[in-house]
Structure formats: structure tokens, C-alpha cells
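Participant: My questions concern the predicted model and sequence given below.
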Amino acid sequence: MRRPRAIPSDGTTRVFISATSKDLGTVRELVKQALLTMGCMPIEQTNFPPDYRSVREMIEEKVAGCEAVIHIVGTRYGAEPDPSTLPEGAVRRSYTQMEADIARELGKKLYLIVCSEDFPYDEALAESEELQGLQRAYRAEIAKGEILWTDVTDREELGRKVRELQFELEKLKSKIGQSQRRVAVSLAILLVLLGGIGAGIWWWLPGVVKKEVGFDRGRAREQLVADIKATAQKKIAQAGDDWRKTIEIEKWRDQQLADMDRFLDRIQQTFDAGEATESYRKATELLSTSGASEAQAYLEARSTQRNSLIEAQAARRDREEGELRKLLQEELLAASLLKTQFQFDDAEAKYRQVVEKGGAWAEARNILATFLIERGEVIDPRLGNAKLREALELCRGTLAFTSRETAPQDWATTQNNLGRVLRALGARASGEQSAQYLQQSMAAFRAALDVRTREKLPQDWAATQNNLGVVLSDLGDQASGEQGAQYLQQSMTAYRAALEVCTRERLPKDWAMTQMNLGVVLHVLGRRASGEQGAQYLQKAMAAYRAGLEVYTREELLQDWGMTL
């Protein structure tokens, strides 16, 4: 008998996904995305010849080239080879069942996931009683077998079980070309150490020196504001008579200024979590004293050494996940500093590298999604729509392996981002498609508010209330009559809720933005109403606009000031 030919290993962990397609097609896609996020290569077999022998050879070759098989068992038997081609005495097996049998025969790591009978399967035509009986027998065979299996009742639980395999799969990955990788990693670390000592910069390695470098938030903010405004002015001068480019730059400048405190919050959180390396501390010190360009140049000068260590840490992620993320936090900081200097392509490339190395790290994926949303809203719509669609897929992928139970704040952030990108796509679409996007956006924001409560996360709660108000206002614009009025009233309620936390004293920019948004919805209500009620709405809209102008001065945020006028 011909032995199956294994695919030569390139250091990537290949995992075969075994599941019926008609009832578990979306589940296969969920598992595939989770594996890609883990840095594994998903392998599938979807086309089969009718002859048993040809099928077996095909499956053997595919499975032989994999390190593991994830076998998902539902209630559907699925397709099978022509029974007349079976050897005498052979048991009937579906293609999917054969994949698991072959994995056992080849000694592959086999993970069995059994979906309950009430699992939310994809819709498919019912099978014959004969095939249903064969599948029931197979499920009973698994239950009595020696190979451990896990039972799941819904997609979220299944996704969680797949994510729990990450460390197991990483251990498999570490065995692929282990001796070669050990030599390569050792050489990389040795070169880093020798190069660092020779240049007198060995001190930057995490944990070697305990000297404290403080983060002066106030000075950093002043420096960043000055840098962003100066860079924007320079870019506007370079744009010349290109008014479209000038508007894009102004939008991005205002967006950067509005996002300033969130960026600084993230730096502070890195310090508070003990994830700031010496290089991170030094870069933030330079940010406070010399500006974003100096801080970014400092990090860039150490990027080669840092990336060598990131590669080494990634190879040992199951033991040193914390150290890896500390290094990746430096890369996130470098990317954010590039963004403040309008070096968007370089910033995006760094964000993508962090997501690639960070695996299932939801924080990094959420930061990249936020960046893509911001860019998509500002740049030319033809290019911006592609960024928005990518952000949409990124958010959905993150939700596939980030559960509300295990990581509630990351989950809520992803839901908020999902709401933002769906709202942006809804604003650019028309008709029924626009309404669908906006309805989904509203649902995502409401989901985020289940975790972002006023008591536990007041600032996040207020921001999400504002976002919810925006999408409700959009829905109110689209709808007419009583339905439209209800949306607008709900929008007004959401904005007023946000203003209970976003006070002028604590968060002046957010307060002003919410006042402006409130003014818009009051204006629409005023135009739709009549008589005294309409006049009252318009009076309140004027008051909200004027309140916003108290913060949105012409000198501070020119574009928002002009929009309010």
C-alpha cells in the first residue's frame, strides 16, 4: 500500500478541520478563523471522488501533512464514498468519519468536539433515516471510545474550546523542526546580546535595569498637541490647492486631537499593569520632553533588536506570554507615535505586525480595528470603504474567540468598534442595506452597554451612549412618522445620559461633541414638529450648539467649530 506523502514542514502548524459542510459550514469557518489567529494553517478537504480507494488516499495525504486534526461531530452523517467500492467487510463511513479514523491510524493528535443535538446547526435538508441511524451509531461509538472528547451546546462554547487548544497547538508547533529552531533562536539571542553590549545599549532588555523613568502626562499632552498641529499645518501647505486633501488633513488633525486622552490613557494603563519596559519608559520620557518624532526615532533605532526578541518570545509563547506582550506594547506605542506624525502606512504596518505576533490578543486587534475605522472615515471613500470592511471582519473575528464571560472588557470594546464600523458603513450605503447596517450597529452598542455600565466604567459607558445616540439619530433620519420620532427621542435620551458623565469640567471635548450631537437631533425634531413644540425643540438645539461652541473654539478645532456654525 502506498504510504501517504507528508508535506515538508516550513515551521507552520497545520491543523486539519474535519466536519460536515451543510450543517456545520459556519462552524468550520469559525474554527478556521480561530486557527489563523493562533498562527496555525487550517487545512480542509471539500471535494471527494466517489471511489473509496481514491478518497482514502486523498485524505491520507492531507492528514499526513498536518500535525493535528480537529474533528467536529454533529448529528448529520454527510456524504460518503460509493458503498459498492468498499472492501469486503468494511464498515460504512462518511467522508468526515473517515478523516478521524485516518488521523488515529497515522498517530495524529486528534481533538474531538461533539455538538449536542440542540446545537444551532446551519439549515440543511433532513437526511434519510438510514443515514441518521449511521450517525447516531457513530456518536455512540465516540461516547464509549478511549479518545477524550468534549461536548458543546452553542457556537460561543465551541469557539472557547477551540481557543483553549492554543497552548496544545503551540506545543506541537515547538516540536516542528525543534533542533533547527533551537539553534536559530539561540543565535538570534546571542547576536542581540553581543550587538547590544558592543554598542553599549544592552540595558534596554526588559528587567535588566530597574531605573524608574516617570511618565509626565501633562507635558506629553502639550508636546503631542503641538506636534500634531505643526505636522498638520505642514501637510496642508504641501497640499497646496488640493482642497480635498486639505479637508482630509483637517479631519485627521481633529480626530487625533479628540483621541489624545485615550492614547495617553493607554500609555498610563501600560505603566499601571507593569508592562512598561525600560525602552517604553525612555520613549515616553522623550515624548514628554522632545516630542513624538524623537520618541518614535528612539523606538525605531531599537526595532531590529526588539523584533529579534519578539520572534524568540513568540516561539515560547506558552511560557512567556507576558514578556511577549510587554515587547508588543512597545510596538503599539511606536505605531501610535507614527500615527501622530501622519505616517499612516507605517503605523498601519506596525499595528498589523503586532496583531500577527499577538495571536488571540484582543487588545491589539481592537486597536488595529479602531485605526482602520478612523482611516476609513477620513480618506477617499473608495479606499475608505475597504478599510471599513476590513475592520468589520476584524471585529467579527475577534468576537469569535473573545467571550463576554472570560474577557468582558475586551468583548465590550470589540462590540463598540463593531457598532462604529457598522454605523460608518450604514451612513455610506443606501436603502435597505443602510438600514440593516444601522440596525446591527444599534444592537452592537446595546450589547457593549451590558458590560460598560455607568457604575463600573462610567467614561466608556458615556462614550458608548454617545455612539448609540448617533446611530439612533441616523435611523430617525431614515424613518418617518412615529417610528422616526421614536428613534430621535431615544437618541436624545442617549445623548443626555452621556452628558451626565461627560461634564464640561471633567471631559470638555467629549462634552462639547455630545452637545453638538444633541443639537443636531433637537434640530431635526424641531423641523418635524409644529407650533410651540417645534419652536421649543429649536430653542433647545440652539442652546446645545452654543454650549458646544464654548469649547470648540476656532483656534482649538477649526473644522468642528465651522460645522457648529
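Facilitator: Sure thing, it's come through. Model, not experiment: these values are computed from the prediction. Numbering: from 1, shown residues only.
Participant: mind listing the strands for the stretch 251-400 of the chain?
Facilitator: Ranges of strands in the stretch 251-400 of the chain, per DSSP state E, counting those that start in this stretch: none exist.
Participant: Kindly tell me how buried the closest residue to Ile43 other than its chain neighbours is, as a neighbour count.
Facilitator: Nearest residue to Ile43, sequence neighbours excluded (Cβ to Cβ, 6 or more residues apart in numbering): Phe16, at 4.8 Å. All C-beta atoms are positioned from the backbone trio N, CA, C, and that covers glycine. Counted with other Cβ atoms under 10 Å, the neighbours of Phe16 add up to 26.
Participant: got the contact list for Phe16?
Facilitator: Neighbour list for Phe16: Ile43, Glu44, Gln45, Lys62, Val63, Cys66, Ala68, Val69, Ile70, Glu99, Ala103, Lys108 [criterion: Cβ atoms under 8 Å, 6 or more residues apart in numbering].
Participant: can we see that at 7 Å?
Facilitator: Residues in contact with Phe16 (Cβ atoms under 7 Å, 6 or more residues apart in numbering) are Ile43, Lys62, Val63, Cys66, Val69, Glu99.
Participant: out of those residues, who's nearest Asp242?
Facilitator: Of all these, Asp242 sits closest to Ile43, with 48.6 Å by Cβ to Cβ.
Participant: Which one of the contacts of Phe16 sits in the busiest neighbourhood?
Facilitator: Neighbour tally across the contacts of Phe16 (other Cβ under 10 Å): the maximum, 28 neighbours, falls on Val63.
Participant: isn't there a helix covering it?
Facilitator: Yes. Assessed with DSSP: H, G, I helix; E, B strand; the rest coil, Val63 lies in a helix.
Participant: residues touching it, list them.
Facilitator: Phe16, Val69, Glu99, Ile102, Ala103, Leu106, Lys108.
Participant: Can you list which of these are found in helices?
Facilitator: The helices, defined by DSSP state H, take in Glu99, Ile102, Ala103 from the contacts of Val63.
Participant: so can I have CSV of those showing distance to Met58 and pLDDT?
Facilitator: Shown next, in CSV, are the ones in helices among the contacts of Val63 (distance: Cβ to Cβ, whole Å; pLDDT from 0 to 100):
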residue, distance to Met58, pLDDT
Glu99, 10, 91
Ile102, 10, 91
Ala103, 14, 90
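Participant: of the residues you listed, closest to Val470?
Facilitator: Among the ones in helices among the contacts of Val63, and counting by Cβ to Cβ, the member closest to Val470 is Glu99, at 48.0 Å.
Participant: low pLDDT regions in the stretch 151-300 of the chain?
Facilitator: Applying pLDDT under 70 to the stretch 151-300 of the chain flags the ranges 164, 166-214.
Participant: Distance check, the residue nearest to Ile43 against Glu61.
Facilitator: Distance, Phe16 to Glu61, using Cβ to Cβ, to the nearest Å: 11 Å.
Participant: again with Gln305
Facilitator: Distance, Gln305 to Glu61, by Cβ to Cβ: 42 Å.
Participant: cool, Gly426 as well?
Facilitator: Taking Cβ to Cβ, one finds Gly426 at 46 Å from Glu61.
Participant: When these two are compared, which one has more neighbours?
Facilitator: Higher neighbour count among Gly426 and Glu61: Gly426, with 23 against 17, using other Cβ under 10 Å.
Participant: so how far is Val69 from the residue nearest to Ile43?
Facilitator: 4 Å.
Participant: Overlap of the contact sets of those two?
Facilitator: Common contacts of Phe16 and Val69 (Cβ under 7 Å, 6+ apart): Val63, Glu99.
Participant: which SS class is Cys66?
Facilitator: coil.
Participant: got a list of what it touches?
Facilitator: By Cβ under 7 Å, 6+ apart, Cys66 lies in contact with Arg14, Val15, Phe16, Ile43, Lys108.
Participant: ok, 6 Å please
Facilitator: Listed by Cβ atoms under 6 Å, 6 or more residues apart in numbering, the contact partners of Cys66 are Arg14, Phe16, Ile43.
Participant: Can you classify Val114 by secondary structure?
Facilitator: Under three-state DSSP, Val114 falls in the strand class.
Participant: That one - nearest residue in space that isn't next to it in sequence?
Facilitator: Nearest to Val114 is Val73, by Cβ to Cβ, 6+ apart, at 4.7 Å.
Participant: what ranges of the stretch 301-450 of the chain fall below the confidence cut-off?
Facilitator: Ranges of the stretch 301-450 of the chain meeting pLDDT under 70: 313-321.
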